[in-house]
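Engineer: Show me the folded form of this:
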Amino acid sequence: MFQQIIDIQREIYLTFAAHIKDYAAGGGWTSFLAFLPMGIVFGSVHAMTPGHSKSVLATYLAGSSTKAHRALLVSLALSFTHVSMAVVIALLALPLVSHSFVDAGSSPILEVVSRGLLGVIGLWMLISAVFRHGHIHSEGEGILMGVAAGLIPCPLTLFVMTFAMIHQVVVTGLLFAVTMMLGVALTLSAVALLAVVFRDRITYLMRTRPALFATVSRVTSALAGTVLILVAAQELSNWWATR
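Structural biologist: Prediction:
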């Protein structure tokens, strides 16, 4: 299954590259725009692969009191940041990409900042669960989590943007980035809604026992915070070990 997802990504990417090259050679907009909606499919499939903070997103929402509409905002913030960071890097720091990116599609500095912020949010959730009763997760906290988790740029968007810039047709790369972001948002939004539905279902089943529900809510929030802290610690430790 995973190999099939990789194959689909490769096929769509190569086709996009061919359309961008064709447009740069004077082929016109018709062919490129006709294929552009495939960027949504590309983004959706790409977001199913590891490395898109799906587990972090689900863990946070499972341990929070975030409602469905706010969970969607969190997933949209994650998607927008993930794709737009690649666009910003390509547009403003292309000469530095070879120095900043050790592996294809990875940025060590942004990874450290991202995981560090997640660790801070996790610590806040843990402290709130232990020392407060009924910690309410604000909308701003959720969006901050989404932005922090999305700071690692999308490698495929970076590749397409770079390819478009090399062929001096930046607008095609930007249009691809928009459709890519929509696709990523679809997948991450589905993950967010499933996490909220699962959490709310468990909550509904426990409403007849309010004391137990309060305890479980605090424990779940504490566990979610602990997981975020552990993820951040592991990532930072791996980064430190490679220095």
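
Engineer: Next up, the contacts around residue 122.
Structural biologist: 224-232 (CB atoms under 8 Å, 6 or more residues apart in numbering). (Each C-beta comes from the backbone N, C-alpha and C, glycine too.)

Engineer: Narrow those residues to just the buried residues.
Structural biologist: When the contacts of residue 122 are checked for burial by 16 or more other CB atoms under 10 Å, the buried set is 224-229, 231-232.

Engineer: can you put these in JSON lines and add secondary structure and distance to residue 61?
Structural biologist: Shown next, in JSON lines, are the buried ones among the contacts of residue 122 (DSSP: H, G, I helix; E, B strand; the rest coil; distance: CB to CB, whole Å):
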{"residue": "224", "secondary structure": "helix", "distance to residue 61": "8"}
{"residue": "225", "secondary structure": "helix", "distance to residue 61": "13"}
{"residue": "226", "secondary structure": "helix", "distance to residue 61": "16"}
{"residue": "227", "secondary structure": "helix", "distance to residue 61": "12"}
{"residue": "228", "secondary structure": "helix", "distance to residue 61": "12"}
{"residue": "229", "secondary structure": "helix", "distance to residue 61": "17"}
{"residue": "231", "secondary structure": "helix", "distance to residue 61": "15"}
{"residue": "232", "secondary structure": "helix", "distance to residue 61": "17"}
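
Engineer: For this protein, name the helix or strand with the lowest mean pLDDT.
Structural biologist: Here the helix or strand of the chain ranked lowest by mean pLDDT, DSSP states H and E is helix 97-100, holding a mean of 44.

Engineer: Does residue 168 belong to a helix, a strand or coil?
Structural biologist: coil (DSSP: H, G, I helix; E, B strand; the rest coil).

Engineer: surely it meets residue 25?
Structural biologist: No - using CB atoms under 8 Å, residue 168 is not in contact with residue 25, being 11.1 Å away.

Engineer: who has more neighbours, the two?
Structural biologist: Taking neighbours as other CB atoms under 10 Å, residue 168 and residue 25 compare with residue 25 leading, 10 against 7.

Engineer: Contact partners for the more buried one?
Structural biologist: By CB under 8 Å, 6+ apart, the contact set of residue 25 is empty.

Engineer: residue ranges with poor pLDDT in the chain?
Structural biologist: Along the chain, the model assigns pLDDT under 70 to residues 1-2, 51-52, 93-110, 115, 132-139, 208, 210, 212-213, 239, 243.

Engineer: Okay, helices next: where are they in it?
Structural biologist: Ranges of helices in the chain, per DSSP state H, are 2-22, 29-35, 38-46, 54-62, 68-92, 97-100, 108-131, 139-150, 155-166, 170-205, 210-241.

Engineer: I'd assumed residue 225 was in contact with residue 64.
Structural biologist: No - at 9.8 Å, residue 64 does not count as touching residue 225 under the criterion of CB under 8 Å.

Engineer: any common contacting residues for those two?
Structural biologist: Listed as contacting both residue 64 and residue 225 by CB under 8 Å, 6+ apart are residue 125.

Engineer: Now tabulate the buried ones among the contacts of residue 122 in JSON lines and tack on distance to residue 47.
Structural biologist: JSON lines is the format used below for the buried ones among the contacts of residue 122 (distance: CB to CB, whole Å):
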{"residue": "224", "distance to residue 47": "21"}
{"residue": "225", "distance to residue 47": "25"}
{"residue": "226", "distance to residue 47": "26"}
{"residue": "227", "distance to residue 47": "20"}
{"residue": "228", "distance to residue 47": "20"}
{"residue": "229", "distance to residue 47": "25"}
{"residue": "231", "distance to residue 47": "18"}
{"residue": "232", "distance to residue 47": "21"}
